Every structure is written in structure tokens, then in C-alpha cells.
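Colleague: Got a predicted model here, sequence first, then my questions.
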Amino acid sequence: MNVALEEAIMKCVGKNAVPCTLRFWRNPKAVVIGSFQCPELEVDIRICREKQIPIIRRVTGGGAVYHDEGTLNYSIFTPKSHRLFSLNFLNLFENVNVSVAKALHSLGLRCASLFSNAIVVGDKKIAGIAGAVKDGAMLIHGSLLINSDLNLLSEVLLLQRGSLKVEVQRKFTRSQRMDVINLEHAIGRRISLNAVKSALRKAFEELFSVKFIFGGLIKAEEALSRDLLKNKYSTKHWNFKYSRELA
């Protein structure tokens, strides 16, 4: 449902049915793969089935990520008509990543490095980012490891290897595997989910020169997300697209 909501909100923002939106969300245990990835190259499907961890394909590109309740996800939606589109999309993408780094700095993280699609502490990844422009809107979303189960993460996500032939692997987007670290470990203390959300919200308000107000989903977003959940994100045809299982 969370991944279905991403597409539903993007479509509604693109139609100007709802305003620009900042969303925070968490999943129970799940693996979320990029739109153009082969699940067999990215995920240990056997372990996921044994541990009943769903594998879900999102609408944006990029690499595979592991989610649990120790992972906080953020999403930013704007219509293509918004003034932000005077910026190059890649520049805006980078600016969002910089804002996340600033939020983490305000929480006590002092030694982060920025890459095009990640924030790294030393040589360990703490946050990732992905995005898409479609349906008249822009979606930039990312995940932040706060106190996630990193042992399970390492079990379910594969390294750069796979049983498919090399020429087949090249057809798909491959994840760039790195060691990972939780925010709590990096700053050396426990931290509340609300504190992290507050820091991110403040950083995004500064970036976009706006003030966010709390609001819920409109009926169109709820209805569309239910439809997408049933007919797309709960289907093997979508989640295992590009898989040998459907060949």
C-alpha cells in the first residue's frame, strides 16, 4: 500500500488535485526494488520467501533497498508546473540530498559524504535517494536507516552477482552495494522518530522556502491507491517483471 500511495499521490499532484506534498512513511519488513531491476539479480528470493518478506517494485528507478520499521522514508511531490521546475531535475535531486545531509548534521552526524544517490558515513551508506518525473509531476523519495535490522538487510540483498548471464545482467539497473550503518550507531545515541522527521521537515522547508501544514489523503488519492494496490503492486506481473519466473 505504501508504494501504491507513492504513485497515487504523484498522479493527483500532477493533476493539481492536491498541493505539493511531503510524506513520511515506514514499511514492515520488505524489499523494494527499482522500476528497471531484475529481482533475481538483486534479492535472495529464497530467504525472502522463507521469512515472508515481500518483494515490491516501485515506480522510480535506482537500486534495491530493505525496509523495516527502523527505516524512515520521505517523499516529495510537486507538479511539473511548479516554479521548482525552473531548476534542472538533477540539480533539484542533489539539493534534496543536501537537505537530508543538513538534517542529519543537525541531529549530531558530523562526518557524512554526499554522492549522487546516497549519503555515506566513512565507507558506509546511511541514506539513499531515487526519483522520477511522470504523470505531470515529480517524485523524489529516499530512505534513511535509523535503527534497522542490518543483519537481515545483508541476508536479503545480494552483492553484485547473479545466476543470469552477464549479457542479460546488462539489460537491468544494478544496485551499487555498500556496507551500511544506522543513524543511531553513527551518532552514538538513541533518537526518536519524531526528532528525525522534524529535522527533515525543517531542512525541506528551508530548501523550498515553504511552510508545511499537516493534512490527510483526499478521497481520490485513497481510491487510486486501492486500485493500484489491487491491480499493480500486489501482482506478480508487476513485482516480478523482468524475472525468469515470468519468462
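Modeller: Happy to help now that I have it.
Colleague: can we go C-alpha only for contacts and neighbour counts from here?
Modeller: Will do.
Colleague: helices and strands around the longest strand anywhere in the chain, which ones?
Modeller: Secondary structure of the chain per DSSP state E: the longest strand is strand 124-134. In this structure, strand 124-134 packs against strand 118-121, strand 137-145, strand 179-180, with contacts taken as 3 or more C-alpha pairs under 8 Å, 6 or more residues apart in numbering; DSSP states H and E.
Colleague: What helices and strands are in contact with the longest one?
Modeller: This means strand 137-145. Applying 3+ C-alpha pairs under 8 Å, 6+ apart, one finds that strand 137-145 contacts helix 2-14, strand 71-79, strand 124-134.
Colleague: and if you look at the last one?
Modeller: Applying 3+ C-alpha pairs under 8 Å, 6+ apart, one finds that strand 179-180 makes contact with strand 124-134.
Colleague: Pull up the pairing partners for the strand it packs on, direction included.
Modeller: Its sheet considered, strand 124-134 pairs with strand 118-121 (antiparallel), strand 137-145 (antiparallel), strand 179-180 (parallel) by DSSP bridges.
Colleague: Figure out which of the ones you listed is closest to residue 36.
Modeller: Nearest of the strands paired with strand 124-134 to residue 36, taken as C-alpha to C-alpha: strand 137-145 at 16.4 Å.
Colleague: Dump the helices and strands packed on strand 137-145 to JSON lines, plus distance to residue 65 and mean neighbour count.
Modeller: Putting the helices and strands packed on strand 137-145 into JSON lines (distance: least, C-alpha to C-alpha, whole Å; neighbours: other C-alpha atoms under 10 Å) gives the following:
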{"stretch": "helix 2-14", "distance to residue 65": "13", "mean neighbour count": "22"}
{"stretch": "strand 71-79", "distance to residue 65": "10", "mean neighbour count": "23"}
{"stretch": "strand 124-134", "distance to residue 65": "9", "mean neighbour count": "21"}
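Colleague: and the ones you listed as CSV, adding mean pLDDT and distance to residue 54?
Modeller: Shown next, in CSV, are the helices and strands packed on strand 137-145 (pLDDT from 0 to 100; distance: least, C-alpha to C-alpha, whole Å):
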stretch, mean pLDDT, distance to residue 54
helix 2-14, 97, 12
strand 71-79, 96, 16
strand 124-134, 94, 20
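Colleague: Please name whichever of the ones you listed is nearest to residue 35.
Modeller: strand 124-134 (10.1 Å).
Colleague: And the strands in the protein?
Modeller: Under the criterion DSSP E, the chain contains strands at 21-25, 30-33, 55-57, 65-67, 71-79, 112-115, 118-121, 124-134, 137-145, 179-180.
Colleague: Please identify the deepest-packed of the strands paired with strand 124-134.
Modeller: Mean neighbour count (mean count of other C-alpha atoms under 10 Å) peaks for strand 137-145 among those, with a mean of 23.
Colleague: what angle separates that strand from strand 71-79?
Modeller: Here strand 137-145 runs at an angle of 170 degrees relative to strand 71-79 (axes from the mean of the first three to the mean of the last three C-alpha atoms, to 10 degrees).
Colleague: Need the CA coordinates for strand 137-145. PDB is fine.
Modeller: Extracted as PDB, the C-alpha positions of strand 137-145 are listed here (Å, rounded to 0.1, in the frame of the first residue of the first chain):
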ATOM      1  CA  ALA A 137       4.600  15.500 -11.500                       C
ATOM      2  CA  MET A 138       8.000  15.000  -9.900                       C
ATOM      3  CA  LEU A 139       8.600  12.500  -7.200                       C
ATOM      4  CA  ILE A 140      11.800  12.400  -5.200                       C
ATOM      5  CA  HIS A 141      11.900   9.900  -2.300                       C
ATOM      6  CA  GLY A 142      14.600   8.400  -0.100                       C
ATOM      7  CA  SER A 143      15.200   6.100   2.800                       C
ATOM      8  CA  LEU A 144      17.100   6.600   6.000                       C
ATOM      9  CA  LEU A 145      18.500   3.900   8.200                       C
END
